[in-house]
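In: I'll drop the sequence and a predicted model, then ask my questions.
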Amino acid sequence: MSTATVEVVGATKTFTTKNAKEKDVLALHNADLNIRAGEFFSLVGPSGCGKSTLLNVLSGLLDLTEGQAKIGNKEVCGPSAATSIVFQKATLLNWLTIRDNVLLPDKIKQTLTKAKKARADELLEMAGLAEFGEKYPRQLSGGMQQRASIVRALVQDPQLLLMDEPFSALDEFTRETMNEELLRLWTETPKTVLFITHNIAEAVFLSDRIGVMQPRPGRLTKVIDIDLPRPRTYSMRGEPRFHETVAEIRQLIGHTEDTRK
Ligand SMILES: Nc1ncnc2c1ncn2[C@@H]1O[C@H](COP(=O)(O)OP(=O)(O)OP(=O)(O)O)[C@@H](O)[C@H]1O
């Protein structure tokens, strides 16, 4: 089991442009974020409020202009084994089988062991892909490909799993199935998760807490506790409490959008 806290303090990120006619972009300004070890935390907010920027800072792909980001007690200062990312697209290599795709990060890092191979097979099984290990990505549906990319991330046993709109390219039905499957995998392989989505119902269904962000400049304005029992089940989506929470968050995002006008 591998989990870690996340602590972001006073995060400011300015994207500077070389073109004198364009203004620099203040993507994040004085943003704070605290995630507990093992927590499922989602970020929601209008387009351009800095969600992906914050996630990319935690992945070590982007440096902060000011402020500090820590995973566990270590400051983030570049990509590390502490984090794995799942993007909107499955990013599998077409010429490798699903199993080889899942094992690729270890092959590249020369860290492939018998134990890692066994773990990959175990996770493929948990994700319902045991029979598809020798197939190629094109032979799998979009949802199955995305499950394979989640398995690839989990094989690395990261302390923090970063997910940037992982299900937004899927149809509604597949997306809801994937939500349940992700929660099942998360329960069986506990991880701290930072999940970005534009779908508020998805965030409410999955999360322990949700951070609402506001744009121009991007920062967290509110953190909401999701008071729904676990395990979460499909029928909870029909409960009044579920709808009330979705409406509360939608209103908060609406407010942040109104304040820009
Ligand atoms: N590499 C970059 N260079 C310049 N500006 C950037 C760069 N990356 C992001 N930005 C700007 O920073 C701001 C925040 O972008 P970011 O992608 O983090 O927002 P977001 O909340 O994830 O948006 P979305 O929900 O649309 O994905 C936006 O104004 C965006 O245009």
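Out: Everything's here; your move. Just so you know, these numbers come straight off a predicted model, no measurement behind them.
In: residues contacting Gly60?
Out: 76-80, 83 (Cβ atoms under 8 Å, 6 or more residues apart in numbering). The way it works is simple: take the backbone N, C-alpha and C, and place the C-beta from them, glycine included.
In: Look through the stretch 101-250 of the chain and state the residue closest to the ligand.
Out: With Cβ to the nearest ligand atom as the measure, Gly218 is the residue of the stretch 101-250 of the chain nearest to the ligand, at 5.8 Å.
In: Check whether that residue really touches Asp32, as I assumed.
Out: No. Judged on Cβ atoms under 8 Å, Gly218 makes no contact with Asp32 at a distance of 12.0 Å.
In: Those two: which has the busier surroundings?
Out: Gly218 (26 against 14; other Cβ atoms under 10 Å).
In: Let's test this: what are the backbone torsions at the more buried one?
Out: The phi/psi pair for Gly218 (degrees, to the nearest 10) reads phi -70, psi 130.
In: ok, the closest residue to Pro137 other than its chain neighbours to the ligand distance?
Out: Closest residue to Pro137 apart from its sequence neighbours, by Cβ to Cβ, 6 or more residues apart in numbering: Leu92 at 4.3 Å. Here Leu92 is placed at a distance of 22 Å from the ligand (Cβ to the nearest ligand atom, to the nearest Å).
In: and what of Thr14?
Out: Taking Cβ to the nearest ligand atom as the measure, Thr14 and the ligand are separated by 9 Å.
In: got it, and Gly38?
Out: Counting by Cβ to the nearest ligand atom, the gap from Gly38 to the ligand is 24 Å.
In: for that residue, what are its contacts?
Out: 3, 190-192 are the contacts of Gly38 under Cβ under 8 Å, 6+ apart.
In: And for the closest residue to it other than its chain neighbours, the neighbour number?
Out: Spatial nearest neighbour of Gly38, chain neighbours left out: Thr3 (4.2 Å); criterion: Cβ to Cβ, 6+ apart. A total of 18 residues lie near Thr3 under the criterion other Cβ under 10 Å.
In: repeat for Ala247
Out: Neighbour tally, Ala247, other Cβ under 10 Å: 11.
In: any idea how far it lies from Met163?
Out: Counting by Cβ to Cβ, to the nearest Å, the separation of Ala247 from Met163 is 24 Å.
In: now Val151
Out: Distance, Val151 to Met163, using Cβ to Cβ: 13 Å.
In: out of those two, which sits in the busier spot?
Out: Comparing Val151 with Met163 by other Cβ under 10 Å, the one with more neighbours is Val151, at 27 against 24.
In: close enough to count as contact, that one and Glu122?
Out: No. Shown here, Val151 and Glu122 do not form a contact pair, counting by Cβ under 8 Å, at 9.6 Å.
In: thinking again about what came up before, for the contacts of Gly38, which one is nearest Gly67?
Out: Distance ranking of these against Gly67, using Cβ to Cβ, places Thr192 first at 19.8 Å.
In: give the contact list for the closest one.
Out: Here Thr192 is in contact with 3-6, 35-39, 41, 159-161 (Cβ under 8 Å, 6+ apart).
In: List buried residues within those.
Out: Neighbour-count burial (16 or more other Cβ atoms under 10 Å) applied to these gives 3-6, 35, 38-39, 41, 159-161.
In: out of those residues, which are inside strands?
Out: The members of the buried ones among the contacts of Thr192 that map onto strands under DSSP state E are 6, 35, 41, 160-161.
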